[in-house]
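Chemist: how would this look folded up:
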Amino acid sequence: MRRRERRISAIRALDLIEELEKEQNDLRRERRKLQALKVQREDASPNLLKDWDGYSVSEKKQRLRQSIRAVMVHPAGRGKRFDPELIEIVWA
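Modeler: All right, here's what the predicted structure looks like:
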């Protein structure tokens, strides 16, 4: 048995086009914001290590929150001591 093709009205098609165009504009705006944030981070990064010792603890925390996306600690195995090599930082 063959399925009958479903068609949408011209009015519904125009409504859908308007919705998609709005979504497209929203996504473009979001992409521009993210690109600007990326440039801002890249501009701040070269000075980060140079200025690190001059930052307060709260400034260091803020910089790390902006720069680190995730921290993964891989298992060491039973009875093994802490190994900092098992820590993986995922940078933003």
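Chemist: now for the longest helix seen in the chain, which elements pack on it?
Modeler: Using DSSP state H, we find that the single longest helix of the chain is helix 10-51. Packed against helix 10-51 by the contact rule (3 or more CB pairs under 8 Å, 6 or more residues apart in numbering; DSSP states H and E) you find helix 57-67. For the C-beta atoms, the positions are set from N, CA and C on the backbone; glycine is no exception.
Chemist: what's the next secondary structure element after the helix it packs on?
Modeler: The first helix or strand that comes after helix 57-67 along the chain, using DSSP states H and E, is strand 68-73.
Chemist: what does that next one contact?
Modeler: Contacts to strand 68-73, defined as CB atoms under 8 Å, 6 or more residues apart in numbering, come from residues 86, 87, 88, 89, 90, 91, 92.
Chemist: closest to residue 29 among those residues?
Modeler: Closest approach between these and residue 29, by CB to CB: residue 92, at 20.3 Å.
Chemist: From residue 70, how far off is the closest one?
Modeler: For residue 92, the distance to residue 70 equals 9 Å [CB to CB, to the nearest Å].
Chemist: hang on, isn't residue 52 packed against residue 60?
Modeler: Yes - between residue 52 and residue 60 there is a contact under CB atoms under 8 Å: 7.2 Å.
Chemist: Residue 48: what's it in contact with?
Modeler: Neighbours of residue 48 in contact, by CB under 8 Å, 6+ apart: 63, 67.
Chemist: mind running it again at 7 Å?
Modeler: Residues counted as contacts of residue 48 (CB atoms under 7 Å, 6 or more residues apart in numbering) are residue 63.
Chemist: Check residue 74 too.
Modeler: 86, 88.
Chemist: Dihedrals phi and psi, it?
Modeler: Backbone torsions for residue 74, taken as degrees, to the nearest 10, come to phi -80, psi 150.
Chemist: Ranking by neighbours, what's the top pick from the contacts of strand 68-73?
Modeler: Within the contacts of strand 68-73, most neighbours by other CB atoms under 10 Å means residue 86, with 13 neighbours.
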